[in-house]
Structures are given as C-alpha cells and as structure tokens.
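> Everything below, folded, please.
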Amino acid sequence: MTKKFKILGKFIRDMSSETKDAATYMFVKENISKYQLDININSNPLKNKMIEINTVLKFEDKQDSKKKSFFEMTYATIIQVNSETESKNELEKIILCDAQIEIYPDLEKSFLDMLHNSGYPNVKFEKKIDFEKLYNQRLN
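Okay, the predicted model is just below:
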C-alpha cells in the first residue's frame with residue numbers, strides 16, 4: 001500500500017502560556033491534575049494538492065475558578081496528497097487521523113516542553129490520543 005500523503009513541513013504557528021501572577025501559579029501548581037487536554041483540528045486547502053492542517057491543543061481547567069492558567073498551541077502541518085486521493089472521506093481520514101498519528105509525538109513533546117518551561121515540570125499526559133478511535137467515533 002502506498003502512502004496517500006507526504007508531510008512537506010511542520011511548525012509551531014502559535015504558542016501561549018498564561019499565568020496571571022505568583023498566587024495563581026502556586027494555586028495551579030497544586031491543582032494542575034484537574035486540567036484537561038482538548039484537541040481541535042482544522043484544515044485549509046492550498047494549491048497543488050497541498051493542505052495546511054492546524055492542530056490546536058488546549059490544556060485548561062474546566063472548573064469555574066478565578067485562579068487558573070491557560071495553555072494553548074497551534075501546530076501547523078503542510079501535507080501534499082497523492083494524485084489518486086480524490087474522495088472526501090479519504091481526505092478527511094488523512095487530515096483527522098493519519099497525519100495526526102504521524103505528527104503527534106513532535107506535537108506532544110513541544111506542548112509538554114512549553115508546560116515544563118512554564119513552571120509545571122511534573123505534567124505528563126497519561127493517555128495517548130487515539131486518533132483512529134476518535135475518527136471512527138466521529139463516523140458513527
């Protein structure tokens with residue numbers, strides 16, 4: 001089976017780590033285990049069968065708390081799809097699943113580096129994102 005796409009480039013488009021003050025930092029440091037990781041994926045067609053994919057990770061406290069930090073990263077990936085790849089379903093699977101599986105190790109490392117460099121060295125993501133499962137759930 002030939003690969004249906006090739007990654008031409010990937011880069012951090014935007015990165016944000018916001019902690020208002022020292023009191024907030026101390027509070028968040030104690031409560032960061034309550035934070036949840038969200039992922040959002042969108043894409044823009046470019047010319048010559050190229051697609052720009054933006055994968056947005058947010059790590060935030062869903063509780064209604066005054067003291068919270070905000071972490072977000074937009075990771076852009078430029079792919080080129082093979083000329084045989086025509087169907088909307090094939091493209092959707094490449095964008096939402098196949099390309100994500102390939103870039104996620106770099107994306108996760110960059111995001112964790114940001115969190116660690118923001119003063120939260122013990123943060124790690126126990127569960128890996130299962131893009132195949134998410135994609136299949138979306139179809140049902």
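
> Next, count neighbours for residue 126.
The number of residues packed near residue 126 is 4, by other C-beta atoms under 10 Å. Placement of C-beta: from N, CA and C, glycine included.

> Tell me, please, where in this protein the pLDDT is lower than the cut-off.
By pLDDT under 70, the weakly predicted segments of the chain are 1-2.

> For the nearest residue to residue 42 once chain neighbours are set aside, list each beta-bridge partner.
Excluding the flanking residues, the one nearest residue 42 by C-beta to C-beta, 6 or more residues apart in numbering is residue 54, at 5.3 Å. Beta-bridge pairing for residue 54 (DSSP bridges): residue 42, residue 76.

> isn't residue 54 right next to residue 76, touching?
Yes - Residue 54 is within contact range of residue 76, at 5.4 Å (criterion: C-beta atoms under 8 Å).

> what's the overlap in contacts for the two?
residue 13 (C-beta atoms under 8 Å, 6 or more residues apart in numbering).

> what comes up buried for stretch 40-51?
Across stretch 40-51, burial judged by 16 or more other C-beta atoms under 10 Å covers 41, 43, 50, 51.

> Apologies, that question was intended for stretch 74-89.
74, 75, 76, 77, 78, 79, 81.

> Could you tell me which residues make contact with residue 75?
Neighbour list for residue 75: 10, 11, 12, 13, 54, 55, 56, 57, 103, 106, 107, 110 [criterion: C-beta under 8 Å, 6+ apart].

> Leaving aside the residues adjacent along the chain, what's closest to residue 68?
Residue 68 sits nearest to residue 61 (C-beta to C-beta, 6+ apart), 4.5 Å away.

> okay, the helix or strand containing residue 103 in PDB with CA atoms only?
Assigned by DSSP states H and E, residue 103 falls within helix 99-117. C-alpha atoms of helix 99-117 as PDB (Å, rounded to 0.1, in the frame of the first residue of the first chain):
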ATOM      1  CA  ALA A  99      -1.400  12.900   9.600                       C
ATOM      2  CA  GLN A 100      -2.200  13.400  13.300                       C
ATOM      3  CA  ILE A 101      -0.700  10.000  14.200                       C
ATOM      4  CA  GLU A 102       2.500  10.900  12.300                       C
ATOM      5  CA  ILE A 103       2.900  14.400  13.900                       C
ATOM      6  CA  TYR A 104       1.600  13.800  17.400                       C
ATOM      7  CA  PRO A 105       4.900  12.700  19.000                       C
ATOM      8  CA  ASP A 106       6.500  16.000  18.000                       C
ATOM      9  CA  LEU A 107       3.400  18.000  18.900                       C
ATOM     10  CA  GLU A 108       3.100  16.400  22.300                       C
ATOM     11  CA  LYS A 109       6.800  16.900  23.100                       C
ATOM     12  CA  SER A 110       6.600  20.600  22.100                       C
ATOM     13  CA  PHE A 111       3.500  21.100  24.200                       C
ATOM     14  CA  LEU A 112       4.900  19.400  27.200                       C
ATOM     15  CA  ASP A 113       8.200  21.300  26.800                       C
ATOM     16  CA  MET A 114       6.100  24.500  27.000                       C
ATOM     17  CA  LEU A 115       4.300  23.400  30.100                       C
ATOM     18  CA  HIS A 116       7.500  22.300  31.800                       C
ATOM     19  CA  ASN A 117       9.200  25.600  30.900                       C
END
